[in-house]
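A.B. asks: All I have is the shape, not the residue letters:
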């Protein structure tokens, strides 16, 4: 990372007063104006955007938006840079990792060439852990705690958010927080005005009852920290062959159960989902295999799920048409991970077989069928950097060029749609589409400034693009340049 002086100079930042009063100018002046850029909006491209307080007040031509300038307005000449909605990540474990005391470097992306031996051992280790949890009659989100809030805990959270903001991310969803003390720490940091990233929190199933006793439910919070819902956990992972399938895996490298591990039997799934609804929590459930997904959808339907609920399923990696049709009919959101397909190309075909592989990682099929979808990283299982995920999902190719032409290339997404998965569609999945997710007057000012235009640059170079600025709730939270080209 470069010095703060060089970061500011990269944007030709000016704090000079703006003189003159244009005829018919707005009565109130903006606090910040970004001009002479390429601003991506719902209705097309603009040149400039004005921010006052926490909100966007104007979007349009330089001439029109600069009418909002006053003596105290900070103007930033973008010099053609791209402005879009701040990135949102609908599935992370950032808070949980911060509780380990991880340093800032832990949140930065590092690309390593694929190592088969290392990967196999990692999958074996995770599979054994899944079997141990299942043998106890538990799921991975049953254990929980409520640690005391300490200054060290708060400092660790602040270290984490610095790197998150630098990567252009304005909002993250914590997918299954197991320590309610960390949630209390986030609320304290919000009251102290020290947050730069918005945290939408899904509590783990195990601590849901305690969270309810604390007065928490979906929607409780403020503009920096808010409870989004609860996370359940249906099955294991595809890599170690523990995701729950209807038919046996094609291979058996680890000697685990041939149809995977189903953590949630149907009776418990029905009971848990009904209880979550009773307590006022939006529901999402980890379900990778088709058997895990079927049990999950049965429970959702038993609880009377409708599109208005905006319940979700995390991953949805193996799903035939009938399961997707059920999700679409009930408005269940598919929360996918942008980097999973390129990572899993190494073993998915062996695990599923050629015929069943046609029903896996089918992101474009889902979108064509008008399934509600949203994108995330699943950090720290994958890197956080949204630009890395964007490049992978639009090329279906790993950074070393494998496989040539892309893995299952007919399932590639176009760049605009991929961007929507981590902006406007993510806002919808969090009940925020009327307030966030697009660069629109009246919405909260969550913005990212990129030196390059991701809509027009070569897709195979998106991961190396440069973040110049991040703005969240109208507050400049990072001034670049921040760039992580994926090189070995």
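C.D. replies: On my side now, so go ahead. The structure displayed is predicted, hence computed values, not measured ones.

A.B. asks: Residue 243 reaches residue 292, doesn't it?
C.D. replies: Yes. Taking contacts as CB atoms under 8 Å, residue 243 lies within contact range of residue 292: 6.3 Å. Yep, even glycine has a C-beta here, placed from its N, CA and C like the rest.

A.B. asks: Which one's more surrounded, the two?
C.D. replies: Counted by other CB atoms under 10 Å, residue 243 and residue 292 do not tie: residue 292 has more neighbours, with 32 against 29.

A.B. asks: mind checking the SS state of the more buried one?
C.D. replies: Put simply, residue 292 is helix when judged by DSSP: H, G, I helix; E, B strand; the rest coil.

A.B. asks: show me the contacts for it.
C.D. replies: 234-235, 243-244, 260, 262, 264, 286 (CB atoms under 8 Å, 6 or more residues apart in numbering).

A.B. asks: So which of those are in strands?
C.D. replies: Among these, DSSP state E puts residue 286 in strands.

A.B. asks: any common contacting residues for residue 243 and residue 292?
C.D. replies: Residues touching both residue 243 and residue 292 (CB under 8 Å, 6+ apart): 235, 260.

A.B. asks: May I see the contacts of residue 292 organised as JSON lines, with pLDDT and distance to residue 271 added?
C.D. replies: Output for the contacts of residue 292, formatted as JSON lines (pLDDT from 0 to 100; distance: CB to CB, whole Å):
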{"residue": "234", "pLDDT": "98", "distance to residue 271": "14"}
{"residue": "235", "pLDDT": "98", "distance to residue 271": "17"}
{"residue": "243", "pLDDT": "98", "distance to residue 271": "22"}
{"residue": "244", "pLDDT": "98", "distance to residue 271": "18"}
{"residue": "260", "pLDDT": "98", "distance to residue 271": "22"}
{"residue": "262", "pLDDT": "98", "distance to residue 271": "15"}
{"residue": "264", "pLDDT": "98", "distance to residue 271": "10"}
{"residue": "286", "pLDDT": "98", "distance to residue 271": "17"}
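
A.B. asks: Nearest to residue 407 among the contacts of residue 292?
C.D. replies: Nearest to residue 407 among the contacts of residue 292: residue 243, at 18.4 Å, using CB to CB.

A.B. asks: Tell me how far the closest one lies from residue 78.
C.D. replies: 45 Å (CB to CB, to the nearest Å).

A.B. asks: Please apply the same query to residue 90.
C.D. replies: According to CB to CB, residue 90 and residue 78 sit 28 Å apart.

A.B. asks: Compare those two (neighbour count), which wins?
C.D. replies: residue 90 (31 against 23).

A.B. asks: which residues does the more buried one contact?
C.D. replies: Applying CB under 8 Å, 6+ apart, the residues near residue 90 are 173, 175, 335, 374-376, 422, 426, 429-430.

A.B. asks: ok, 6 Å please
C.D. replies: By CB atoms under 6 Å, 6 or more residues apart in numbering, the contact set of residue 90 is 173, 335, 374, 376, 426.

A.B. asks: Ok, residue 425 next?
C.D. replies: Residue 425 makes contacts with residue 374, as judged by CB under 6 Å, 6+ apart.

A.B. asks: Regarding it, what is its secondary structure?
C.D. replies: Using three-state DSSP, the structure places residue 425 in helix.

A.B. asks: quick one: it and residue 374, what's the gap?
C.D. replies: In terms of CB to CB, residue 425 sits 5 Å off from residue 374.

A.B. asks: And residue 439, by the same measure?
C.D. replies: Distance from residue 439 to residue 374, by CB to CB: 19 Å.

A.B. asks: Out of these two, name the residue with the larger neighbour count.
C.D. replies: Between residue 439 and residue 374, residue 374 has the larger neighbour count (other CB under 10 Å), namely 27 against 23.

A.B. asks: per-domain residue ranges of this protein.
C.D. replies: Domain assignment of the chain by automatic domain parsing yields the ranges 4-80, 87-436.

A.B. asks: averaging pLDDT over each of those domains, which comes out lowest?
C.D. replies: For the domains of the chain, mean pLDDT drops lowest on domain 4-80, to a mean of 79.

A.B. asks: just checking, residue 300 is part of a helix?
C.D. replies: Yes. Residue 300 forms part of a helix when assessed by three-state DSSP.

A.B. asks: For it, list the residues it contacts.
C.D. replies: residue 311.

A.B. asks: For the most centrally placed residue in the chain, which residues count as its bridge partners?
C.D. replies: The chain has residue 89 as the residue nearest its centroid, 1.4 Å off, counting by CA atoms, centre = their mean. Applying DSSP bridges to residue 89 yields these beta-bridge partners: residue 172.

A.B. asks: Hmm, it is touching residue 172, no?
C.D. replies: Yes. Between residue 89 and residue 172 there is a contact under CB atoms under 6 Å: 4.8 Å.

A.B. asks: ok, residue 455 to residue 390 distance?
C.D. replies: Per CB to CB, residue 455 is found 11 Å from residue 390.

A.B. asks: Looking at these two, which is more packed in?
C.D. replies: Of the pair residue 455 and residue 390, residue 390 is the one with more neighbours under other CB under 10 Å, namely 25 against 14.

A.B. asks: Checking the more buried one next. Helix, strand or coil?
C.D. replies: What three-state DSSP gives for residue 390 is helix.

A.B. asks: ok, it - contacts?
C.D. replies: Contact partners of residue 390, counting by CB under 6 Å, 6+ apart, are 418, 462.

A.B. asks: Tell me how far residue 228 lies from residue 381.
C.D. replies: 20 Å.

A.B. asks: Kindly report the same for residue 192.
C.D. replies: Going from residue 192 to residue 381 by CB to CB gives 31 Å.

A.B. asks: Over to residue 199?
C.D. replies: 19 Å.

A.B. asks: With residue 220 instead?
C.D. replies: Distance of residue 220 to residue 381, computed by CB to CB: 28 Å.

A.B. asks: Which residues are in contact with residue 258?
C.D. replies: Contact analysis of residue 258 by CB under 6 Å, 6+ apart lists 248-249.

A.B. asks: Point me to the helix or strand that includes it.
C.D. replies: According to DSSP states H and E, residue 258 maps onto no helix or strand at all.

A.B. asks: Could you shift the numbering so residue one becomes 53, and keep it that way?
C.D. replies: Sure thing, new numbering starts at 53, so read that last one as residue 310.

A.B. asks: that older thread, could you check which of residue 280 and residue 433 is surrounded by more residues?
C.D. replies: Remark: of residue 280 and residue 433, residue 280 carries more neighbours, 27 against 16, as counted by other CB under 10 Å.
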